[in-house]
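1. Have a look; sequence and predicted model below, questions after that.
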Amino acid sequence: MEKGPFSVEWLAQSSSGGARAGPAGHGRDCVPARGARGPPREGFPEESPAQPSPSVPADTARDREAAGRRSPEHDAAPGRSRTKFSAAQLQELERSFREQRYIGAGEKRRLAAALNLSQSQIKTWFQNRRMKFKRQTQDAR
């Protein structure tokens, strides 16, 4: 088996985030920008981003924030709160769903205006209702 231009030490440094230098003997000190990729090197498989292990503590602020969102005390994602539909809104949405499970752009605009909801809320309600319908029909079998 042919030995590549990389030493074990260089590979250990580059994967651990330590001082990065090019292959031994090449005198390269530059590091490509994050996410930049060059052409695939011959004899080396495509690199894939490292997936952190769930048991490893969060290292970055983004990792800590994501871990916090998964904790039980955070029931809903930050941002918009859950929409409470009125009985009249639900009745009209259900009537429309019985007629047609997939809503068109015109009907979505009409319902949004009539029910004082956004088109995005109408679209999301129909997506959720289709999933509920799918679960109900699968459970009935």
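-> Here it is on my side, so go on. Numbers count the residues shown, from 1 in each chain.
2. Skip ahead from the lowest-mean-pLDDT helix or strand in the chain and say which helix or strand is next.
-> Lowest on mean pLDDT, DSSP states H and E among the helices and strands of the chain sits helix 61-70, with a mean of 59. With elements assigned by DSSP states H and E, the helix or strand that comes after helix 61-70 is helix 87-99.
3. Averaged pLDDT, that next one. What do you get?
-> Averaged across helix 87-99, the pLDDT comes to 96.
4. which helices and strands sit right next to it?
-> With contacts taken as 3 or more C-beta pairs under 8 Å, 6 or more residues apart in numbering; DSSP states H and E, helix 87-99 sits against helix 105-115, helix 119-140. Bear in mind the C-beta positions are built from the backbone N, C-alpha and C, glycine included.
5. and Glu9, which of those is closest to it?
-> helix 119-140 (52.4 Å; C-beta to C-beta).
6. contacting residues around the closest one?
-> 83, 85, 93-94, 97, 101-103, 108-109, 111-112, 115 (C-beta atoms under 8 Å, 6 or more residues apart in numbering).
7. now with 7 Å?
-> Applying C-beta atoms under 7 Å, 6 or more residues apart in numbering, the contact partners of helix 119-140 are 83, 93, 97, 101, 103, 108-109, 111-112.
8. Report the two of these separated the most.
-> Thr83 and Arg101 (20.2 Å).
9. quick one on the thing from earlier: looking at the helices and strands packed on helix 87-99, which is closest to Gly79?
-> helix 119-140 (12.5 Å).
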